[in-house]
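Engineer: Give the three-dimensional model of this entry:
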Amino acid sequence: MTQKALKDPSIFISYCWTSTDHENWVIELATRLMEESGINVTLDKWDLKDGQDVYAFMESMVTSQDINKVLVICDEGYQKKADDRSGGVGTETQIITPQIYKDAKQEKFIPIVAQRNEDGNTFLPTYMAGRKYIDLSNSDTYEDNYELLVRNIYEAPLHQRPTRGKPPEYLFENAANSSKTTKVIRQMENAIDKTPRRLTYLASEFIDAFVESLEQFKIRVEEINDEIDEIILSRIDSMTPFRDSFIKVLKLLIEAEKLDVDFIVEFYEKVYPFTSNSESGTYNILQFDHYKFFIHELFLYTVATLVKYKEYDILSDVLNSDFNDLSYIASDKPLSYFSFRLHLQSLEIRKERLNSTRISIQSDILKHRAKDFTEIFNADMLLYYLSKLNDRMDSRWGWFPITYIYQNQAKSFKIISKLKSKRHFEAVKGLFGQNSAVLLGEKFIDFRTDRGFSHDVFNDIPNINNYINPALICTLP
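Structural biologist: Numbers count the residues shown, from 1 in each chain. Model prediction:
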């Protein structure tokens, strides 16, 4: 936890009347601490009255529970009198010394170096030798060290102990092993500033480590039972760190301006085969449902990330790319991004088993897991609209937006509503496959939405024209 600063600290300054110049130096420091830094300072020049017992005054300041810190101003005069136990300083030394040894935390008494000898050595008295001090003897470093002094008094250090996190999951036998992908991500973070040219190589290494890590989540056919949906949900939850790690890599590559469409295409080509059987022997189609959910969710996060960081050209290239189905090497029919919108039969089984009235459990899970559901909803709807507007309908639905049932909970849909702006249109027109605002407006006018899960009109998939009047496209700068 972040350390709480003292609100109204009080200090006492112990020093030697070595010279008028030194006394003025101490008074200036005390005045600045009071007036500029809001610290309550007790100083003999202000607080020791005529007739008071000097010894009693010093003892009360050093031992008082109301004094948070005692500043010991160390110059040549103070060191000599402290070591010789002479004068008022000697008296203070006799009082302070046992207090220092009683102070287990050793934080109350702060040596302040005000002077050094010709060789650069400090004038620390013997009883304070070896203690960490604050150096105010050099004008070049005075301001920085004055800040350190103020922070010390307020107990608000510049460098605070970080909050202790949780141990890495890969340390535990039953936790998902993400050590390989984590290692590559750290290498990428280090390479951004030092060797950015390595990022392309490391991105490829990340894909290989990611694919290898996914193997650990496979479900054996003998694990299939009447509650397979519970196993699927457990696997989905365990795979969350891998979802987040891929999005982190996307952001790193975007930050370094090293992201290209080939990285994304290669990634999904290598991950997609997990959605079906690629081994000999018997299998159950339900074995792969967690991978199906994972890829569907991850693609939504990918689209949301590219939209968030305005990587519209890369997103357009991804959506117009052909993905080779590496699970069927002999297949000459490439996949489109529609293939990543996968149905989970196990969740239909769950719905029936629990006698649930939910419209779509898969949608519910997506929403529950989303850090920013509006971004995921917008990505889902955008993929649906683009699949219809760009005539890439290689299936009945193209991309079916299962999150549409939460349309009333999505806060905004800026990528559509901002089409009023000419600048925004120019940035995103590649996504819509139109260079003409007029032609895009005509497509919007002709747009017809589809029925959703229910024939209840309130559950229809929202029309794209709900977010913008086609006549207003490019009517603003």
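Engineer: and the gap between residue 60 and residue 90?
Structural biologist: Residue 60 sits 18 Å away from residue 90, going by C-beta to C-beta, to the nearest Å. In this view, the C-beta of every residue, glycine as well, is placed from N, C-alpha and C.
Engineer: State the mean pLDDT of stretch 381-391.
Structural biologist: Stretch 381-391 carries an average pLDDT of 89.
Engineer: let me redo that: stretch 125-142
Structural biologist: 89.
Engineer: Check what pLDDT residue 228 gets.
Structural biologist: For residue 228, pLDDT reads 91.
Engineer: Check residue 59 too.
Structural biologist: 82.
Engineer: which element is it on?
Structural biologist: Per DSSP states H and E, residue 59 falls inside helix 54-63.
Engineer: Show me which helix or strand of this protein is least confident by mean pLDDT.
Structural biologist: helix 87-102 (a mean of 73; mean pLDDT, DSSP states H and E).
Engineer: quick one: pLDDT of the nearest residue to residue 277 once chain neighbours are set aside?
Structural biologist: Spatial nearest neighbour of residue 277, chain neighbours left out: residue 283 (4.3 Å); criterion: C-beta to C-beta, 6 or more residues apart in numbering. For residue 283, the pLDDT comes out at 87.
Engineer: Could you number the chain from 442 rather than 1 from now on?
Structural biologist: In the new count, where the first residue is 442, that last one comes out as residue 724.
Engineer: Could you tell me how far residue 724 is located from residue 654?
Structural biologist: As judged by C-beta to C-beta, residue 724 and residue 654 stand 21 Å apart.
Engineer: Counting neighbours around each, name which of those two comes out higher.
Structural biologist: More crowded of residue 724 and residue 654, by other C-beta atoms under 10 Å: residue 654, with 21 against 16.
Engineer: distance of that one from residue 505?
Structural biologist: 61 Å.
Engineer: picking up where we left off before, show me what the least confident helix or strand of the chain is packed against.
Structural biologist: strand 451-455, helix 495-504, helix 517-525, strand 550-554 (3 or more C-beta pairs under 8 Å, 6 or more residues apart in numbering; DSSP states H and E).
Engineer: Quick one: residues in contact with the longest one.
Structural biologist: Counting by C-beta atoms under 8 Å, 6 or more residues apart in numbering, the neighbours of helix 495-504 from elsewhere in the structure are 453, 455, 483, 485, 488-489, 508, 511, 529, 532-533, 536-537, 540.
Engineer: Whichever of those end up buried, select them in ChimeraX.
Structural biologist: A single ChimeraX command is used to select the members of those judged buried by 16 or more other C-beta atoms under 10 Å:
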select :453,455,483,485,508,511,529,532,533,536,537
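Engineer: Output the contacts of helix 495-504 as TSV; include the columns distance to residue 496.
Structural biologist: Below are the contacts of helix 495-504 laid out as TSV (distance: C-beta to C-beta, whole Å):
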residue	distance to residue 496
453	14
455	13
483	16
485	12
488	15
489	11
508	17
511	16
529	9
532	6
533	9
536	8
537	13
540	15
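Engineer: wait, which of the contacts of helix 495-504 is closest to residue 625?
Structural biologist: Nearest to residue 625 among these is residue 511, at 52.3 Å by C-beta to C-beta.
Engineer: The strand or helix carrying the closest one - contacts with which helices or strands?
Structural biologist: Using DSSP H and E, residue 511 sits within strand 510-515. Judged by 3+ C-beta pairs under 8 Å, 6+ apart, the packing partners of strand 510-515 are strand 451-455, strand 550-554, helix 583-595.
Engineer: That one - what's its average pLDDT?
Structural biologist: On average, strand 510-515 scores 92.
Engineer: Now do that strand against strand 550-554: the angle between them, please.
Structural biologist: 30 degrees (axes from the mean of the first three to the mean of the last three C-alpha atoms, to 10 degrees).
Engineer: Let me know the angle separating strand 510-515 from helix 528-543.
Structural biologist: Using the same axes, to 10 degrees: strand 510-515 against helix 528-543 is 130 degrees.
Engineer: Adjacent strands (with direction) for strand 510-515?
Structural biologist: strand 451-455 (parallel), strand 550-554 (parallel) (DSSP bridges).
Engineer: residues making contact with the helix or strand just after the first one?
Structural biologist: This means strand 451-455. Reading on from strand 451-455 to the C-terminus, the next helix or strand found by DSSP H and E is helix 461-476. Residues from elsewhere that reach helix 461-476 (C-beta under 8 Å, 6+ apart): 452, 454, 456-458, 480-482, 484, 486-487, 514, 516, 518, 555-556, 577, 587, 591, 594.
Engineer: same thing with stretch 679-699?
Structural biologist: 610, 616-617, 619, 622-623, 626, 629-630, 633, 637, 640-641, 644, 647, 651, 654-655, 658, 700, 704, 708, 731, 735, 738-739, 742-743, 746-747, 750, 752, 810.
Engineer: for the helices and strands packed on strand 510-515, which one sits closest to residue 875?
Structural biologist: helix 583-595 (57.8 Å).
Engineer: just how off-centre is that closest one within its chain?
Structural biologist: Centroid separation for helix 583-595 versus its chain: 30 Å, with C-alpha atoms, centre = their mean, to the nearest Å.
Engineer: ok, residue 754 touching residue 871?
Structural biologist: Yes. At 5.9 Å, residue 754 and residue 871 qualify as touching, with contact defined as C-beta atoms under 8 Å.
Engineer: Look at these two and report which has more neighbours.
Structural biologist: Neighbours were counted for residue 754 and for residue 871 using other C-beta under 10 Å; residue 871 has more, 17 against 14.
Engineer: so that one, which of the three states?
Structural biologist: Following DSSP: H, G, I helix; E, B strand; the rest coil, we place residue 871 in the helix state.
Engineer: Now do the same for it: its pLDDT.
Structural biologist: For residue 871, pLDDT reads 92.
Engineer: The one 10 residues further on too?
Structural biologist: The pLDDT attached to residue 881 in the predicted structure is 93.
Engineer: what about the helix or strand encompassing residue 866, distance to the chain center?
Structural biologist: According to DSSP H and E, residue 866 maps onto helix 863-873. Chain-centre distance of helix 863-873: 30 Å, with C-alpha atoms, centre = their mean.
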